[in-house]
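Peer 1: I would like the atomic coordinates for the input below:
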Amino acid sequence: MGNQPAEYGEHEISESAHTMDVFSVTDGEVITIEEVPDELFSAKMIGDGFAIIPTSDSVYAPVSGKLIEVADAKHAYYIETEEGIKVLIHIGIDTLLLNGEGFKTFVQRNMTVEKGQKLAEFDKQLIEDRGFQPVIPVIILDHPSVASLEIRPDKAVKANDSVALTVHLV
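Peer 2: The predicted structure is shown next:
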């Protein structure tokens, strides 16, 4: 990467520290992945990360990259960064069962998205009324260059403004 500035493709890569910041996908409260009320996430079966209890109904890209998957039910988004790291944003728990009801997407598969670009809106009240939890897990899928993850200490986060997680790379 030579003398390239720290700002690299809209998410920050620090050459000396080898880290990647993952920004909050929405306004709300950050919780650990172990606190997510679904074993698939809390037991880190998909990967490690964090989750947000949302106070907003909009979801934004936490990193820049290629949108490699948009679920048909509009509840899940996979972004692959230039470094090949895949980030999953999953809106709600078991919300696949809503078959897209209460979700609106602003992107499509294979698009390049920038950090902070709006991915989706969701109807938090509808999700809760149907008996689902609106918590939003953000998962870093296993990748050989990921050494460790560090959740930032701030509990209250603002979309696109707060760094929720720092990924330490090897």
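Peer 1: and stretch 106-117, which residues are buried?
Peer 2: Neighbour-count burial for stretch 106-117, counted by 16 or more other Cβ atoms under 10 Å, picks out 107, 113, 115, 116, 117. Glycine gets a C-beta too; all of them are placed from N, C-alpha and C.
Peer 1: sec struct for the first one, please.
Peer 2: Think residue 107. Three-state call for residue 107 (DSSP: H, G, I helix; E, B strand; the rest coil): coil.
Peer 1: shouldn't it be in contact with residue 70?
Peer 2: Yes: taking Cβ atoms under 8 Å as the definition, residue 107 is a contact partner of residue 70 at 6.4 Å.
Peer 1: anything in contact with each of these two?
Peer 2: residue 77 (Cβ atoms under 8 Å, 6 or more residues apart in numbering).
Peer 1: check the offset of the longest helix along the chain from the chain's centre.
Peer 2: Longest helix of the chain, by residue count under DSSP state H: helix 124-129. Distance, stretch centre to chain centre, for helix 124-129: 20 Å (Cα atoms, centre = their mean, to the nearest Å).
Peer 1: over to stretch 19-38?
Peer 2: 7 Å.
Peer 1: tell me which residues in it are buried?
Peer 2: 19-28, 30-31, 33, 36, 38.
Peer 1: is it true that residue 91 touches residue 102?
Peer 2: No: between residue 91 and residue 102 there is no contact under Cβ under 8 Å: 9.5 Å.
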